[in-house]
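K.L.:
3D, please:
(2 chains, ligands or ions: 2)
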Number of protein chains: 2
Amino acid sequence: MTTYSIDVTLSQTKKEKPQSDQLQFGKVFTDHMFIMDYTEGQGWHDARIVPYQPITLDPASMIFHYGQSVFEGLKAYVTKKEQVLLFRPDENFKRLNKSNDRLCIPHVDENLALEALKQLIKIDREWIPTAEGTSLYIRPFVIATEPYLGVAPSDRYQFIIILSPVGSYYKEGIAPVKIAVESEFVRAVAGGTGTAKTGGNYASSLKAQQLSDSKGYSQVLWLDGVERKYIEEVGSMNIFFKIDGEVVTPSVNGSILEGITRKSIIELLKHWDMPVTERRISMEEIKQAYSEGKLEEAFGTGTAAVISPIGELFWNNEKMVINDGNTGEVSQKLYDTLTGIQNGTVEDPFGWAVEVE
Amino acid sequence: MTTYSIDVTLSQTKKEKPQSDQLQFGKVFTDHMFIMDYTEGQGWHDARIVPYQPITLDPASMIFHYGQSVFEGLKAYVTKKEQVLLFRPDENFKRLNKSNDRLCIPHVDENLALEALKQLIKIDREWIPTAEGTSLYIRPFVIATEPYLGVAPSDRYQFIIILSPVGSYYKEGIAPVKIAVESEFVRAVAGGTGTAKTGGNYASSLKAQQLSDSKGYSQVLWLDGVERKYIEEVGSMNIFFKIDGEVVTPSVNGSILEGITRKSIIELLKHWDMPVTERRISMEEIKQAYSEGKLEEAFGTGTAAVISPIGELFWNNEKMVINDGNTGEVSQKLYDTLTGIQNGTVEDPFGWAVEVE
Ligand SMILES: Cc1ncc(COP(=O)(O)O)c(C=O)c1O
Ligand SMILES: Cc1ncc(COP(=O)(O)O)c(C=O)c1O
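P.N.:
Numbering: from 1, shown residues only, chains lettered A, B, ... in the order given. Ligands and ions are numbered 1, 2, ... in the order given. Okay, here's the model as predicted:
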């Protein structure tokens, strides 16, 4: 096993921790952060854990102008036995490097990143909330820091990890949401950056989200940018349907993000011997299944909510109410199993939960 | 006339200025910068000119994660009579607000922005280089600064203007470049952010640019993301062709950026009574015109190069050499006229040049 040299500077003061029942998402951060610098010719260097602190950058730094950035999102949980668990963190760092490829950012050593994350979590261990449904949200990210206004890959980067204690996504148990199908705006198109976790995809999504909020929908369902027919994702989650007993999800097509929750669900369903298929799915097909009474369940999947059941789908001036607006059986079972594996209350036959010793 | 209150703090020290013949693009910045803050509920406030200095932001600031940002680019020139001229700066601030709309960023007062820019330039007047072809590049930009990891519009922003003395784009006179048509990657698609000047579009373009560099081409020609047939832009410039005596350029279609140079060229050609048309143009049509000997000129247009003649176009394993690889007559005339209006050596019948008194 390689040992990595990570310099540690502890904070002199400790911030006050929020109450478990008052946690929001991504607003409060722990006492420390991890940083590492990249300089062309030298590679990644100066891996260090330091007190949580502002970043100071030249106003010409490329991140402010040309959006060269990638990020990840995962969570840590404390079990009843006081173990700290991460959920498939290797998948996140693998995806970070896939995003890096698309954005012309140099690879990060995935083992070093995981080791750094574990050390950081150990130092800020007391920040992991313990109440039901709470967790420590982890945000690794890379930003281009060279002060240069030319449109070109930066010759300097920072890789940073920050941690935020977050509340339960569902205050009163898992609950279905209303979704509007987006017909004007497009999230991503093949040949673009849709398969990467990069800032521009999220900036681009804000307008559609804002409009759908104002109409009372909680997320938008994105269609493909070419034919505007095929289903891509929902908000920043992947999407699944249960149609006539079969679970289906859009296949990886060059424009959707390959979610780790998505991947885990496909593996779980196969493990349970339940039919699951990755393929192209049109809105027309969903409507057809709906009118034949075969659209049994629909749900979004992602790190934040794990499973987000869809109770209502609005498309072409028509409203489809799915499973009477209730959480479906498969949705609930997937939610219980995945969150159980994540927080250590359900047996993990896959080795997905990784302990931070 | 409204007067705006802009607080000024002058720098105690002055940086050394680079020699006129050693200027690069966007690497050296002047002694001062303009900043203004936005806070939800309060609007834009604290407009100020301060010494050029780093920006200090919480690592959770949205610009580092979700790419919510816009920018502009324009130039100031010193005339032989020691006047300082800007080229259509009102158009840049108008476009900034169009970009802001798309990115859910609050509008900036365009008059205040222009006034701030003029004051800033007056303070850093000595930084405007005077040698032939040199200018002061101006970069206004807005970044989302709220420290929050939710995917939503920020409730805080900074609007900043920085200035950089830049060398002539052409060291040895205007010279044609080789361009490869991009068939794998896509810059933008209707419904996306292509019409806005936002970081994500440029981050997304890096990969294609890197690959085309490695093959010896200086820029890529972007095709539409839907049919991959129609011409969009070239690098970060708009594109024009002269075919059988008529000048044509792709029409504004929801995915190209509406360049101010593009607009000025259309107006100039009309003023000269030369036929110019905005319409959809396929690569097939260009090839056809080429093989019939009717493809007379091709050029990119943008603030950086003004006119960038295309000497060679590579598509589907075929090379098209345009005008024997030389700068065309219309390209040259447009370049001479536009740069002449910009630096005050050619009469300006349009009122495009705006003096900084
Ligand atoms: C656009 C998008 N799609 C899907 C997902 C789901 O991915 P994961 O399951 O890895 O969290 C995310 C991230 O959470 C996302 O940002
Ligand atoms: C993508 C893109 N297209 C075209 C242009 C040309 O615009 P302008 O003529 O306003 O500089 C620019 C900016 O320079 C650009 O970034």
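K.L.:
CA atoms for contacts and neighbours, from now on please.
P.N.:
Will do.
K.L.:
So which residues on chain A come close to ligand 1?
P.N.:
By CA under 6 Å from any ligand atom, the residues of chain A that approach ligand 1 are A:236-238, A:257, A:259-262, A:301-303.
K.L.:
if we go to 5 Å?
P.N.:
With CA under 5 Å from any ligand atom as the criterion, chain A comes near ligand 1 at residues A:236-238, A:257, A:259-261, A:302-303.
K.L.:
okay, the residues you listed in JSON lines with secondary structure, distance to residue B:5 and pLDDT next?
P.N.:
Output for these, formatted as JSON lines (DSSP: H, G, I helix; E, B strand; the rest coil; distance: CA to CA, whole Å; pLDDT from 0 to 100):
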{"residue": "A:236", "secondary structure": "coil", "distance to residue B:5": "42", "pLDDT": "95"}
{"residue": "A:237", "secondary structure": "strand", "distance to residue B:5": "46", "pLDDT": "97"}
{"residue": "A:238", "secondary structure": "strand", "distance to residue B:5": "49", "pLDDT": "98"}
{"residue": "A:257", "secondary structure": "coil", "distance to residue B:5": "47", "pLDDT": "98"}
{"residue": "A:259", "secondary structure": "coil", "distance to residue B:5": "49", "pLDDT": "98"}
{"residue": "A:260", "secondary structure": "helix", "distance to residue B:5": "51", "pLDDT": "98"}
{"residue": "A:261", "secondary structure": "helix", "distance to residue B:5": "52", "pLDDT": "98"}
{"residue": "A:302", "secondary structure": "strand", "distance to residue B:5": "47", "pLDDT": "97"}
{"residue": "A:303", "secondary structure": "coil", "distance to residue B:5": "47", "pLDDT": "97"}
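K.L.:
Distance check, residue A:265 against chain B.
P.N.:
24 Å (CA to the nearest CA, to the nearest Å).
K.L.:
repeat for residue A:157
P.N.:
12 Å.
K.L.:
now do the same end-to-end measure for stretch A:118-127.
P.N.:
One end of stretch A:118-127 sits 14 Å from the other (CA to CA, to the nearest Å).
K.L.:
Could you do stretch A:232-242 as well?
P.N.:
One end of stretch A:232-242 to the other measures 16 Å (CA to CA).
K.L.:
Return the distance of that stretch from the chain's centre.
P.N.:
12 Å (CA atoms, centre = their mean, to the nearest Å).
K.L.:
that older thread, quick check, nearest of the residues of chain A next to ligand 1 to residue B:320?
P.N.:
Nearest to residue B:320 among the residues of chain A next to ligand 1: residue A:257, at 37.8 Å, using CA to CA.
K.L.:
and the closest one, how many residues sit next to it?
P.N.:
By other CA atoms under 10 Å in any protein chain shown, 22 other residues sit near residue A:257.
K.L.:
the helices in the stretch 201-350 of chain A, which residues?
P.N.:
Ranges of helices in the stretch 201-350 of chain A, per DSSP state H, counting those that start in this stretch, are A:260-271, A:283-291, A:329-343.
K.L.:
now the stretch 51-200 of chain A
P.N.:
Remark: helices assigned in the stretch 51-200 of chain A by DSSP H, counting those that start in this stretch are A:63-66, A:89-102, A:110-123, A:199-214.
K.L.:
which of these is buried the deepest?
P.N.:
helix A:63-66 (a mean of 30; mean count of other CA atoms under 10 Å in any protein chain shown).
K.L.:
Just send the helices of the stretch 51-200 of chain A back as TSV, with mean pLDDT and distance to residue A:270 too.
P.N.:
Supplementary listing: the helices of the stretch 51-200 of chain A in TSV, determined by pLDDT from 0 to 100; distance: least, CA to CA, whole Å:
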stretch	mean pLDDT	distance to residue A:270
helix A:63-66	98	41
helix A:89-102	98	19
helix A:110-123	98	28
helix A:199-214	96	31
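K.L.:
Just send these back as CSV, with distance to residue B:186 too.
P.N.:
Output for those, formatted as CSV (distance: least, CA to CA, whole Å):
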stretch, distance to residue B:186
helix A:63-66, 16
helix A:89-102, 12
helix A:110-123, 29
helix A:199-214, 14
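K.L.:
nearest to ligand 2, of those?
P.N.:
helix A:63-66 (10.1 Å; CA to the nearest ligand atom).
K.L.:
neighbouring contacts of that closest one?
P.N.:
A:69, A:143-145, A:149, A:151, B:63-64, B:69-71, B:141, B:143, B:198-203 (CA atoms under 8 Å, 6 or more residues apart in numbering or on different chains).
K.L.:
for stretch A:202-221, same thing?
P.N.:
For stretch A:202-221, the external contacting residues (CA under 8 Å, 6+ apart) are A:177-182, A:185-187, A:231-235, B:66-69, B:102-104, B:151-153, B:192-193, B:200.
K.L.:
right, and residue A:247 touches residue A:239 too?
P.N.:
No: using CA atoms under 8 Å, residue A:247 is not in contact with residue A:239; the gap is 10.5 Å.
K.L.:
Can you tell me the closest non-neighbouring residue to residue A:25?
P.N.:
Closest residue in space to residue A:25, ignoring its immediate chain neighbours: residue A:166 at 5.0 Å, by CA to CA, 6 or more residues apart in numbering or on different chains.
K.L.:
what residues are up against the one you found?
P.N.:
Residues in contact with residue A:166, defined by CA under 8 Å, 6+ apart, are A:23-26, A:129, A:134-137.
K.L.:
Let's see that with 10 Å instead.
P.N.:
A:18, A:20-29, A:75, A:127-129, A:133-138, A:304 (CA atoms under 10 Å, 6 or more residues apart in numbering or on different chains).
K.L.:
For residue A:247 and residue A:239, indicate the residue with more neighbours.
P.N.:
residue A:239 (26 against 20).
K.L.:
Quick check: closest non-adjacent residue to that one.
P.N.:
In space, and not counting its chain neighbours, residue A:239 is closest to residue A:300: 4.4 Å by CA to CA, 6+ apart.
K.L.:
and the one you found, how many residues sit next to it?
P.N.:
Residue A:300 has 27 neighbouring residues, counting by other CA under 10 Å.
K.L.:
What's the separation between it and residue A:262?
P.N.:
Taking CA to CA as the measure, residue A:300 and residue A:262 are separated by 9 Å.
K.L.:
anything in contact with each of the two?
P.N.:
Listed as contacting both residue A:300 and residue A:262 by CA under 10 Å, 6+ apart are A:237-240, A:249, A:306-307.
K.L.:
Residue A:197 - how many residues pack around it?
P.N.:
Residue A:197, neighbours per other CA under 10 Å, totals 26.
K.L.:
Flag every buried residue along stretch A:280-298.
P.N.:
A:281-283, A:286-287, A:289-290, A:294-298 (16 or more other CA atoms under 10 Å in any protein chain shown).
K.L.:
returning to what we had before: would a markdown table of the helices of the stretch 201-350 of chain A with distance to residue A:12 be doable?
P.N.:
Output for those, formatted as a markdown table (distance: least, CA to CA, whole Å):
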| stretch | distance to residue A:12 |
| --- | --- |
| helix A:260-271 | 37 |
| helix A:283-291 | 56 |
| helix A:329-343 | 31 |
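K.L.:
Looking at those helices, which is nearest to residue A:49?
P.N.:
helix A:329-343 (25.7 Å).
K.L.:
Would you mind pulling up the elements that the helix or strand just after the closest one packs against?
P.N.:
Downstream of helix A:329-343, the first helix or strand assigned by DSSP states H and E is strand A:353-355. Judged by 3 or more CA pairs under 10 Å, 6 or more residues apart in numbering or on different chains; DSSP states H and E, strand A:353-355 is in contact with strand A:74-78, strand A:84-87, helix A:89-102, helix A:329-343.
K.L.:
Same list (these) but as a markdown table, adding distance to chain B.
P.N.:
A markdown table is the format used below for these (distance: least, CA to the nearest CA, whole Å):
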| stretch | distance to chain B |
| --- | --- |
| strand A:74-78 | 13 |
| strand A:84-87 | 19 |
| helix A:89-102 | 6 |
| helix A:329-343 | 21 |
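K.L.:
Include distance to residue B:267 when you put these into CSV, please.
P.N.:
Output for the helices and strands packed on strand A:353-355, formatted as CSV (distance: least, CA to CA, whole Å):
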stretch, distance to residue B:267
strand A:74-78, 53
strand A:84-87, 59
helix A:89-102, 39
helix A:329-343, 59
